[in-house]
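Q: What shape does this take:
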Amino acid sequence: MLYDSVADKVGAIDDSVWSDALANGRWVLDLVDDYEAVVGGSSDMSVRFEELRRLSAELDRRLAEEDASVRAAALCLALSGEDPGIEWVQRFTRLRLSWTPDQLDALWRFLETHDGVSWARWVQVALNGLPTTDIGRPAPSLRAVDTRLSQRSISRWDGTAALIRELRSHLKSVDGPATTLPISVLPPRDRWAIELRDWFEENPAPEAIELAVHLATIGKNRPTRAWQRMCVDLGTAEEAREFLRTALRILLTCEPTRMRRHGMQQEVLLDHVRNVEVARGVVWATALLEGKAAVPALEAVYLHTAFGLAHHPEAPVATAVVHALGIIDDPSAEAALERLRSRAFDHVARKQIDTALRADAKRATRVRQSLDTW
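A: Below you'll find the predicted structure:
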């Protein structure tokens, strides 16, 4: 039984918060046991489906009951490490529970060290319980969780970037504006990161640091509209724009770093996945904030990262340049994409540029149609 497993963990923790939660929240562990029995039970799919619907309805009924019982169940389910296949943990993320200070502190301390498939969802549950002003005792745990989140591979679909933004907004209310760039945002593994960190030491402007931290949450492929809007908001300060100009200049001039990649020693510009993400973010932010004035610099970055002779190509950065040029509404961006296509020897690169050119053509058509209508 799942209860016995969780009881052993509670005994090892030896904390009254968890023992009280086990006493009041056992019902959710029993529901998980029922769920496992249904999944491994009848081979009749209609019978199994009806039983799963019944369990789902029972969970919804219990979640609508007394807040104390739901809080206890949340702690029990978090400690169990289980997340049944009907997204039970996801339902807890939609609730705004009235946590006691001791419960909230215990949950954040748990998230510091524990892991699991639903860890990020429990971070969201814990964030939902934080007060809007003074977050109090959990502050050290928030910093530890922030470090763990920063080390995760960020995808635009898994919500990690949004969690990081929300968590850091709470930390900002406690710590104030950042005065140093976290190591996790830009690890000093290559010359680009090292020289950029040196620049931050000489120019510790909170506006630039906040933008750099945001750029690291870009995720995969095209960034979300929310991410782009935040870029524009954070890039209003001159210090933030100077950071972007400096980052591009160093990327174009820094010496490559020798490291082992794909089983052999290679010269690379960027030697850490987080640095690649920040570089991609710099490209997008430059396009969003500078518009057509950024076209020459972005074209140079593409040529340097896609066709570098002295170092291994940085394809993710080159791809970001193509997409970023595609959002700049100016003929110079289209001309730059045409020039880059003429030099691209890779089928995938040409296809990416063609996609950006088609997007630019569609935008121009919409503008002409709106003018004709007007």
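Q: Now do the helices for the stretch 201-350 of the chain: every range, in order, please.
A: 206-215, 225-234, 238-253, 273-290, 295-306, 315-326, 331-343, 347-373 (DSSP state H, counting those that start in this stretch).
Q: Identify whichever of those lies nearest to residue 191.
A: helix 238-253 (8.1 Å; C-beta to C-beta). (Each C-beta comes from the backbone N, C-alpha and C, glycine too.)
Q: Residue 10 reaches residue 78, doesn't it?
A: No - between residue 10 and residue 78 there is no contact under C-beta atoms under 8 Å: 11.9 Å.
Q: Settle it for me: which of those two has more neighbours?
A: Applying other C-beta atoms under 10 Å to residue 10 and residue 78 shows that residue 78 carries more neighbours, namely 26 against 21.
Q: Okay, domains of this protein per the record?
A: 2-175, 191-373 (automatic domain parsing).
Q: Make TSV out of the ones you listed and add distance to residue 182.
A: Converted to TSV, those look like this (distance: least, C-beta to C-beta, whole Å):
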stretch	distance to residue 182
domain 2-175	7
domain 191-373	7
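Q: Tell me which of those sits nearest to residue 181.
A: In terms of C-beta to C-beta, the element of the domains of the chain nearest to residue 181 is domain 191-373, at 4.8 Å.
Q: Report the central residue of the chain.
A: The residue lying closest to the centre of the chain (C-alpha atoms, centre = their mean) is residue 161, at 2.2 Å.
Q: How about that one: what's its closest non-neighbour residue?
A: Excluding the flanking residues, the one nearest residue 161 by C-beta to C-beta, 6 or more residues apart in numbering is residue 217, at 3.7 Å.
Q: can you count the residues close to the one you found?
A: Residue 217 has 25 neighbours, counted by other C-beta under 10 Å.
Q: cool, and residue 35?
A: Using other C-beta under 10 Å, residue 35 is surrounded by 21 other residues.
Q: circling back: mind checking which of the domains of the chain is nearest residue 185?
A: Judging the domains of the chain by C-beta to C-beta, what sits closest to residue 185 is domain 191-373, at 4.8 Å.
Q: to the chain's geometric centre, what's the distance from that closest one?
A: A distance of 18 Å separates the centroid of the chain from that of domain 191-373, by C-alpha atoms, centre = their mean, to the nearest Å.
Q: what sits up against stretch 295-309?
A: By C-beta atoms under 8 Å, 6 or more residues apart in numbering, the residues outside stretch 295-309 that reach it are 248, 251-252, 256, 269, 283, 286-287, 313-315, 317-318, 321-322, 324-325, 328, 330, 332-333, 336, 339-340, 343-344, 349.
Q: Among those residues, the buried ones, what's the PyMOL command?
A: In PyMOL, a selection of the buried entries from the contacts of stretch 295-309 looks like this (16 or more other C-beta atoms under 10 Å):
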select buried, resi 248+251+256+269+283+286+287+313+314+317+318+321+322+324+325+328+332+333+336+340+344+349
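Q: how about residue 230, what does it touch?
A: Residue 230 neighbours (C-beta under 8 Å, 6+ apart): 165, 214.
Q: Quick one: the domains of the chain as TSV, columns for mean pLDDT and distance to residue 184 too.
A: Below are those laid out as TSV (pLDDT from 0 to 100; distance: least, C-beta to C-beta, whole Å):
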stretch	mean pLDDT	distance to residue 184
domain 2-175	84	4
domain 191-373	84	7
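Q: Quickly note the distance from the nearest residue to residue 352 once chain neighbours are set aside to residue 303.
A: Spatial nearest neighbour of residue 352, chain neighbours left out: residue 322 (4.9 Å); criterion: C-beta to C-beta, 6+ apart. Separation of residue 322 from residue 303 (C-beta to C-beta, to the nearest Å) stands at 12 Å.
Q: which neighbours do those two share?
A: With C-beta under 8 Å, 6+ apart, residue 322 and residue 303 have common neighbours residue 340.
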